[in-house]
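>>> Could you look at this predicted model? Sequence included:
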Amino acid sequence: MKTLPLGPSGIMVSELCLGTMTWGSQNTEAEGHAQMDLALDHGVTFWDTAEMYPTNPVRAETVGRTEEIIGTWIAARGGRDRLQIATKITGEGQKAVRDGAPITAAQLRASVDDSLRRLQTDYIDLYQLHWPNRGSYHFRGMWSYRPGRETPDQVARHMQEVLAAAADLVAQGKIRALGLSNESVWGAGRWIATAQAMGAPRMVSVQNEYSLLCRQFDTDWAEFSVMEDMPLLAFSPLAAGLLSGKYAGDVTPEGTRRAANPTLGGRITPQVFPAVAAYLGIAARHGLDPCQMAIAFCRMRPFACIPIIGATSLDQLRIVLGAADLTLSDAVLDDIAQAHRDHPAPF
C-alpha cells in the first residue's frame with residue numbers, strides 16, 4: 001500500500017482510508033474489529049470516523065459507538081502509532097448530537113476530549129469539522145442551496161474562535177492536524193486565510209463526496225485542492241453502493257444500506273440507474289470489477305484524492321482493497337469520460 005502526504009501536515013497516510021460509519025449499526029463490534037484487522041493487514045493505516053457515527057440511521061442512543069469500537073480494538077491490539085485516525089465534530093442541526101448545537105470553541109474542546117476517551121487514545125491525527133455551521137450544499141443540498149445565512153464578519157469571528165481553540169489542542173498534543181468536511185471553496189479559502197493571519201494551524205484536507213456519479217469537486221475545488229495542497233478525502237466513492245451494481249434494476253437486497261435508507265440519501269432518482277448501467281457496462285467490457293474501477297478512478301484524479309472505502313462484510317472489503325493495485329487504461333478512462341458527459345449529474 002502506497003502512502004501519501006496529508007497536505008502540509010507532515011503526516012503520511014495510506015492511499016486508501018478505511019471508513020467506519022456502519023460499525024455499531026449494520027456491523028457488530030466483532031465485525032468492526034475484523035474489518036480493522038483485514039485493513040491493517042493490507043496496509044490501510046488511515047481510518048476515518050466521527051463522533052456522530054454510526055449512521056443508517058444516526059440515533060442519539062448510538063452516537064459515539066463507532067469511536068468506542070475503534071477504542072476497544074486499540075486497547076486489545078495495541079500499536080496506536082501504526083495508525084492515522086481521523087474523526088469529526090458534528091456541525092449544527094444534527095438533533096441526535098447535542099440537540100443540534102453548533103460548533104463552538106468550547107464544544108470543540110469538549111468533543112475532542114470525548115472522542116479521545118471513546119477512542120482510548122491520547123491524540124487524534126486529523127480532527128475535522130463535519131460540516132460548517134453556516135450550512136452546506138452537500139448531501140443534495142445544492143438543489144435548494146441559499147448562501148448567506150451568516151455575514152462575513154460572523155463567519156470570521158467563528159473561525160477565529162475555533163482556530164484559537166484548535167491551536168491550544170495542538171499545543172497540548174491532543175490533535176495533530178485539522179481538516180474540513182462538506183465544505184465549499186470559499187469556506188476553505190477563508191479558513192486558510194484566517195489561520196495564516198492568526199498564526200494558527202491551517203486546515204490540511206477536505207472530506208467531500210466524490211465518485212463517478214458525484215463529481216462536484218472537478219472544477220473550482222480541484223484547482224483549489226492542487227494550488228493550496230489540500231487533498232480530498234473522498235467519501236462515498238461507490239455512491240453508497242450504487243456503483244457495485246447491487247441495486248441495479250431498482251432492487252433493494254435485504255440487509256443493505258438501502259433497506260434502512262430507501263433513497264440512499266437522495267441518490268435514488270430516475271436518472272441514476274441509466275448512469276449506473278453505463279459504468280457497469282464499462283467495467284464489464286474491460287473485464288474489471290466495478291467497485292475496483294470506481295475506486296481506482298478516484299485514486300487517479302489530477303488532484304490528491306484518497307478514497308474512503310467502506311464495507312459491511314469482509315468479502316466486500318477484500319474486493320475494494322484490491323483497487324490499490326489497479327491502474328485504469330486510457331481506453332477505460334476515455335469510456336468513463338464519455339459516460340460522464342452522457343450522465344453528468346444523476347442525483
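Cool, the structure landed.
>>> Helix or strand with the lowest mean pLDDT in the protein?
Least confident helix or strand, the chain: helix 257-260 with a mean of 94, by mean pLDDT, DSSP states H and E.
>>> Identify all contacting residues around that helix.
Helix 257-260 is contacted from outside by 22, 25-26, 56-57, 240-241, 247, 252-253, 264, 268, 312, using C-beta atoms under 8 Å, 6 or more residues apart in numbering. Any C-beta I mention is one placed from the backbone N, CA and C, and that applies to glycine too.
>>> What is the most widely separated pair among those?
S25 and I268 (19.8 Å; C-beta to C-beta).
>>> need the contact list for the most centrally placed residue in the chain.
With distances taken as C-alpha atoms, centre = their mean, the residue of the chain nearest its centroid is F235 (3.7 Å). Residues in contact with F235 (C-beta under 8 Å, 6+ apart) are 19, 48, 207-210, 308.
>>> Looking at those residues, state which has the most neighbours.
The most neighbours of any of these, using other C-beta atoms under 10 Å, belong to Q207, which has 28 neighbours.
>>> Just checking: what are the partner strands of the helix or strand where it lies?
Following DSSP states H and E, one finds Q207 within strand 203-209. Strand pairing for strand 203-209, determined by DSSP bridges: strand 175-181 (parallel), strand 232-235 (parallel).
>>> Residue for residue, what is the longest helix the chain has?
helix 152-171 (DSSP state H).
>>> Pull out the buried positions in that helix.
Using 16 or more other C-beta atoms under 10 Å as the test for burial, helix 152-171 gives 155, 158-160, 162-163, 165-167, 169-170.
>>> Please save the CA atoms from the strand holding Q207 in CSV.
C-alpha atoms of strand 203-209 as CSV (Å, rounded to 0.1, in the frame of the first residue of the first chain):
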residue,chain,number,x,y,z
MET,A,203,-6.8,23.2,7.5
VAL,A,204,-4.9,20.4,5.7
SER,A,205,-7.6,18.4,4.0
VAL,A,206,-11.2,18.3,3.0
GLN,A,207,-13.6,15.4,3.1
ASN,A,208,-16.3,15.8,0.5
GLU,A,209,-18.4,13.4,-1.5
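>>> quick one: average pLDDT of it?
The predicted model assigns strand 203-209 a mean pLDDT of 98.
>>> quick one: that strand to helix 152-171, angle?
If you take axes from the mean of the first three to the mean of the last three C-alpha atoms, to 10 degrees, strand 203-209 sits at 110 degrees to helix 152-171.
>>> what's downstream of strand 203-209, the next helix or strand?
Next element after strand 203-209 (DSSP H and E): helix 220-227.
>>> What are the buried residues along that next one?
Going by 16+ other C-beta under 10 Å, helix 220-227 has these buried residues: 221-222, 224-225.
>>> Does anything pack onto that helix? Which helices or strands?
Helix 220-227 is packed against helix 185-198, strand 203-209, with contacts defined by 3 or more C-beta pairs under 8 Å, 6 or more residues apart in numbering; DSSP states H and E.
>>> who touches that helix?
185, 188-189, 206, 208, 217, 230-232, 301-304.
>>> Can you give the distance of it from its chain's centre?
The chain centroid and the centroid of helix 220-227 are separated by 18 Å, computed with C-alpha atoms, centre = their mean, to the nearest Å.
>>> and what of stretch 199-210?
So, by C-alpha atoms, centre = their mean, the centroid of stretch 199-210 is 12 Å from its chain's centroid.
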